[in-house]
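Asker: Provided below are the primary sequence and the corresponding predicted coordinates.
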Number of protein chains: 2
Amino acid sequence: MTDSPEARLNFLHETLQAKVLQGLTQQSHPNPELARYRRLLAEYPQRPGKLVRGMLTVLSTQAHGGSLELGLKPASILELFQSWVLIHDDIEDDSLLRRGQPALHRMVGMPVALNVGDGLHVHMWRQLFSAGLPAAVTEEFLHMIERTAEGQHLDLAWVENGRIDVSEEEYLEMVRLKTAWYTVVTPLRLGALVLGEAPAAEFIPAGLDLGAAFQIRDDVLNLTSADSGAAGYGKEFAGDLTEAKRTLILAHFFASVTESTAAEARERLLKPAVERDKADLDWLLREITAAGSIGYAQSVAEELASRSLPLLRDVLGSLPEQAAAAAAVSLLESLVNRDR
Amino acid sequence: MTDSPEARLNFLHETLQAKVLQGLTQQSHPNPELARYRRLLAEYPQRPGKLVRGMLTVLSTQAHGGSLELGLKPASILELFQSWVLIHDDIEDDSLLRRGQPALHRMVGMPVALNVGDGLHVHMWRQLFSAGLPAAVTEEFLHMIERTAEGQHLDLAWVENGRIDVSEEEYLEMVRLKTAWYTVVTPLRLGALVLGEAPAAEFIPAGLDLGAAFQIRDDVLNLTSADSGAAGYGKEFAGDLTEAKRTLILAHFFASVTESTAAEARERLLKPAVERDKADLDWLLREITAAGSIGYAQSVAEELASRSLPLLRDVLGSLPEQAAAAAAVSLLESLVNRDR
């Protein structure tokens, strides 16, 4: 392999996107409404996404000595997981946009969208069963989805209970479960598991740290990406404030400001999302910036990255296929250094 | 086996209920919110239900010559399927009650409930993977869930598109997919599949007919169970009209009445559920009764049962274990003859 990491990633992205859609293209059905149902199953998977989790899975497989074809199997299944989870997440958060287009439940209503998410969930398991992979791969998917659902529960229970001022520790526990497992830990581990090998022990602690850094970077971008707008970032600018999403930024903010500022922020953040207007968002963004909370979150992301990336570089650097390992490292670095 | 079919069913119900909860009892967790999450996973499974699908699965397994222990595995997994589907159904339909208690999303809010449904869905697959059953059992579950989601889509798309006057044919296609597969066809087929045998071909057409009859009977009961009330039937009386649920009763009604009556019914049924008041429900119930639609639906249920039950009796009567087969037949008969 003499391709540059960038060329390799571009080729991989295209190949993986085709693989994800492979099982979703049979969209004819004698009942036109069921033909539409099948098209809806493919709606999120076919929207242009970065596919970083799937690409990391393929690169880890190749770094461990496996083929592109082998790596594409768990990678495409992981991307299908991401698709059904996003459909349900968007319902739970009542998000406006997903990958630059309306969230599914805003196109077809909540009930149809929820059921399409379930249909895609089943489709994911069908792909896994027919892939002929080791049983440990199935166990990894089960474990990953269980952790993701636990993290999602923590996040949603805060909303249910009107808790907005969560602590940094609570936030980090949530995000490790909700995001880090399926974004970094499982993709890296799958590369060994598909080959019947035991994954390096470092993939778990370092992957949890890097995955948390990825989400924190995402949250920072949400409040600093006004210039690129929806077309660049794919989600609405400051949508996290519209949705009153619990972030490390808010955790730092509530731990830093006076009680009266905190009380006002709670009031503005805990009212129903439809009542939160531009004046609320402007006030929140100004106070959060003044408290240095965006900068603080960015520094935590960098610290988490600086203690996990060297570990992951070492482990990946000891694997048999170094071109793939280098591309994997490059991709991991981009997770925490990206601008969009 | 010298037990009466009734005694056998009672014992089986108790044993199966314990088996369903077996994997859901570990509810401790260092994070109290995650301990609560685990309790929520067990919320629907632990509510007293009839477990007819699981019991039919065990009886079919035993009739085919398998052990109680073997039959309990797919049976408990099928009941877990029913639980997560009901959580999501209740959200999609915004139901009030489930098994005589508030629907989960009315206890904890839609977002937490949706995620608990996903968590239970994953738990179902974990139980299936660890059960050590033949691959054909996994394929049966995949096929069954795919059909159920398709039927659910048809039903929900009618709501999405404001279609209330569906035809009898459209209704029957929907209910065969949404209800009959998982209520009758798959339970009967699993009894053979867990033993590595090919299920009788008749299980599909006859099971689809009997499953449709079961749902039609359920819809008839919903409009005739005023005396037993929520405590007896477990759902609100005439809740199908509150929810504007598409039923064979409505299909017959719209095909029978004058255009002006149909137009008034559409208006009353297509307004938002919260605006549908007692006057609407009384009017609808009176007109539906006057059109003979409840009686018609009951007659269709009886006709579907009278052409499927003899076929199923024959097939089950030729299986090795006749005590279990007799109990299965008795259970199938009760699906269409029940009063609650």
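Answerer: Okay, I see it. Worth saying up front: this structure is predicted, and the values here are computed from it rather than measured. Numbering: from 1, shown residues only, chains lettered A, B, ... in the order given.

Asker: what pLDDT does the closest residue to A:Leu335 other than its chain neighbours get?
Answerer: Of all residues not flanking A:Leu335 in the chain, A:Phe214 sits nearest, at 4.4 Å (C-beta to C-beta, 6 or more residues apart in numbering or on different chains). Glycine gets a C-beta too; all of them are placed from N, C-alpha and C. Predicted confidence (pLDDT) at A:Phe214: the value is 97.

Asker: quick check, A:Phe214 in a strand?
Answerer: No: the assignment for A:Phe214 by DSSP: H, G, I helix; E, B strand; the rest coil gives helix, which leaves it out of any strand.

Asker: ok, how many other residues are close to it?
Answerer: A:Phe214 has 24 neighbours, counted by other C-beta atoms under 10 Å in any protein chain shown.

Asker: isn't it right up against A:Arg176?
Answerer: No: proximity of A:Phe214 to A:Arg176 does not meet the contact threshold set by C-beta atoms under 8 Å, at 11.1 Å.

Asker: looking at chain A, which helix or strand is least sure?
Answerer: Sorting the helices and strands of chain A by mean pLDDT, DSSP states H and E puts helix A:229-233 at the bottom, at a mean of 47.

Asker: which ones are touching A:Thr25?
Answerer: A:Thr25 is in contact with A:Ala42, counting by C-beta atoms under 8 Å, 6 or more residues apart in numbering or on different chains.

Asker: same check, this time on A:Gly191
Answerer: Neighbouring residues of A:Gly191 by C-beta under 8 Å, 6+ apart: A:Thr57, A:Leu59, A:Ser60, A:Thr61, A:Gln62, A:Ala63, A:His64, A:Gly66, A:Gly71, A:Pro199.

Asker: ok, the last one touching A:Leu193?
Answerer: Yes: here A:Pro199 reaches A:Leu193: they are 6.3 Å apart, a contact under C-beta under 8 Å.

Asker: count the neighbours of A:Ala35 for me.
Answerer: Applying the criterion other C-beta under 10 Å, we find 14 residues in the vicinity of A:Ala35.

Asker: do A:Glu243 as well
Answerer: When neighbours are counted by other C-beta under 10 Å, A:Glu243 registers 19.

Asker: what's the nearest residue to it if we skip its chain neighbours?
Answerer: Setting aside the residues directly before and after it, A:Glu243 is nearest to A:Asp93 in space (C-beta to C-beta, 6+ apart), at 5.2 Å.

Asker: could you do A:Leu12 as well?
Answerer: Counting by C-beta to C-beta, 6+ apart, the nearest residue to A:Leu12 once its immediate chain neighbours are dropped is A:Met55, at 5.3 Å.

Asker: try A:Gly211
Answerer: Nearest in space to A:Gly211, with sequence neighbours left out and distances taken as C-beta to C-beta, 6+ apart, is A:Ala180 at 2.5 Å.

Asker: can I assume the one you found sits in a strand?
Answerer: No: counting by three-state DSSP, one finds A:Ala180 to be helix, located in no strand.

Asker: flag the shaky bits of the stretch 201-340 of chain A, pLDDT-wise.
Answerer: Judged by pLDDT under 70, the stretch 201-340 of chain A has its weakly predicted residues at A:226-236.

Asker: all helices for it, in order.
Answerer: Along the stretch 201-340 of chain A, the stretches classed as helices by DSSP state H, counting those that start in this stretch are A:203-222, A:229-233, A:239-242, A:248-256, A:259-270, A:278-290, A:293-317, A:322-337.

Asker: give me the contact list for the third one.
Answerer: Contacting residues not belonging to helix A:239-242 are listed as A:95-97, A:219, A:222-223, A:236, A:245, A:247, A:269, A:273, A:276, A:280-281, A:284-285 [C-beta under 8 Å, 6+ apart].

Asker: what about A:Ala213, how many residues close to it?
Answerer: Using other C-beta under 10 Å as the criterion, the residues surrounding A:Ala213 number 28.

Asker: tell me who's in contact with it.
Answerer: In this structure, A:Ala213 makes contact with A:Val300, A:Ala301, A:Glu302, A:Leu304, A:Ala305, A:Ser308, A:Leu335, A:Val336, judged by C-beta under 8 Å, 6+ apart.

Asker: narrow the residues you listed to those that are buried.
Answerer: Of all the contacts of A:Ala213 considered here, the ones buried according to neighbour count by 16 or more other C-beta atoms under 10 Å in any protein chain shown are A:Val300, A:Ala301, A:Leu304, A:Ala305, A:Ser308, A:Leu335, A:Val336.

Asker: need those residues in JSON lines with distance to A:Pro48, can you?
Answerer: Supplementary listing: these in JSON lines, determined by distance: C-beta to C-beta, whole Å:
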{"residue": "A:Val300", "distance to A:Pro48": "30"}
{"residue": "A:Ala301", "distance to A:Pro48": "25"}
{"residue": "A:Leu304", "distance to A:Pro48": "28"}
{"residue": "A:Ala305", "distance to A:Pro48": "26"}
{"residue": "A:Ser308", "distance to A:Pro48": "28"}
{"residue": "A:Leu335", "distance to A:Pro48": "18"}
{"residue": "A:Val336", "distance to A:Pro48": "22"}
